[in-house]
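K.L.:
the sequence and its predicted three-dimensional model are supplied below.
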Amino acid sequence: MQGKTASIVEENLQQVISELGYELYEVEYAKKQNGMNLTLFITSPKGPITIKDCELVHRTVDPILDELDPTNGAGYYLNVSSVGLDKPIKTDKDFKRCLNTEIYIKLFVQTDNNKKEIIGILKSFDEKQIEVEVEEKASIIILRQNIAVCKPNVKI
């Protein structure tokens, strides 16, 4: 039901959110400490997401969700959030979002030069591997199956 609910919401809200100038990046319907939560993660080509952006999307989609009733009457908390600077990079969509940015990678196995942690610029990816520039004009290829953790290298 959780995956189906998220799919229904994504399918029905993607266009509405796009018309507001945002991208519906991900929908999560999951049990949290306070009960079931429906969280819409949004991004913007104009820059970082603000609280006002989240409020606008929330006010816009709330009545649509009431009418759509994707949970078949079950109660939930609606949240609208930015993707977040340190969201783990797992899917192709995540890798695309982080192209040409600095990322941090922790590996399950050491590389040829005995490293388990790498920081570099994500240059490309496909379904099996990623290319990371670790020094100017020096890149390495990492198999995705060897990646334990991958996330933007954000200094907060």
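P.N.:
Cool, the structure landed. Residues are numbered from 1 along each chain as shown.
K.L.:
going forward, measure contacts and count neighbours with C-alpha atoms only.
P.N.:
Will do.
K.L.:
return the set of buried residues in the lowest-mean-pLDDT helix or strand in the chain.
P.N.:
In the chain, the helix or strand scored least confidently by mean pLDDT, DSSP states H and E is helix 92-97, which has a mean of 87. Across helix 92-97, burial judged by 16 or more other CA atoms under 10 Å covers 94-95.
K.L.:
and that helix, how far out from the chain middle?
P.N.:
What separates the centre of helix 92-97 from the centre of its chain is 8 Å, taken as CA atoms, centre = their mean, to the nearest Å.
K.L.:
who's in contact with that helix?
P.N.:
88-89, 125-127 (CA atoms under 8 Å, 6 or more residues apart in numbering).
K.L.:
mind doing that once more with 7 Å?
P.N.:
Ile89 (CA atoms under 7 Å, 6 or more residues apart in numbering).
K.L.:
for the next helix or strand after it, packing partners?
P.N.:
Of the helices and strands lying after helix 92-97 in sequence (DSSP states H and E), the nearest is strand 102-107. With contacts taken as 3 or more CA pairs under 7 Å, 6 or more residues apart in numbering; DSSP states H and E, strand 102-107 sits against strand 117-125, strand 147-152.
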